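Undergrad: Take this sequence and fold it.
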Amino acid sequence: QVELVESGGGLVQAGGSLRLSCAASGRSLNNYAMSMGWFRQAPGKEREFVASITWSGATTYYADSVKGRFTISRDNVMNTVWLQMNSLKPEDTAVYYCAARIISVPSVRADDYDYWGLGTQVTVSS
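TA: Residues are numbered from 1 along each chain as shown. Predicted coordinates:
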């Protein structure tokens, strides 16, 4: 079992930055070669892929809407994954979820992930 806890959300003005953290416990991200992803869900919309990272951290993937503004990273010793979000826009407003997949290669599909956090709210004002 893996428990994921997100933090770092909040209210920020457009153009600002936030750094989300996802702390994993229960199983070591390093021992089980888990890939990680960030998803988000805005009110009335489906959950959508934001970013993902392979177990090694060598390869990252981004949704077109965040490419060049967001950066995903991880530290398997600290069992933590981060999402650095810069140049935030009002359309980035959503609940952001961290997810873990017990396969070293990540996916853009939410159904492919095995564990989820409860989410952290990000609100970007115009």
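
Undergrad: Just the pLDDT at the most centrally placed residue in the chain, thanks.
TA: In the chain, the C-alpha nearest the mean C-alpha coordinate belongs to residue 38, at 2.3 Å (Cα atoms, centre = their mean). For residue 38, the pLDDT comes out at 98.

Undergrad: What residue, apart from its backbone neighbours, is nearest it spatially?
TA: What sits nearest to residue 38 in space, not counting adjacent residues and going by Cβ to Cβ, 6 or more residues apart in numbering, is residue 50, at 4.3 Å. C-beta coordinates here come from the backbone N, C-alpha and C atoms, glycine included.

Undergrad: and if you look at residue 23?
TA: Closest to residue 23 by Cβ to Cβ, 6+ apart is residue 5, at 5.0 Å.

Undergrad: ok, the spatially closest residue to residue 22 that is not a sequence neighbour - contacts?
TA: In space, and not counting its chain neighbours, residue 22 is closest to residue 98: 3.4 Å by Cβ to Cβ, 6+ apart. By Cβ atoms under 8 Å, 6 or more residues apart in numbering, the contact set of residue 98 is 4, 6, 20, 22, 36, 37, 38, 81, 116, 117.
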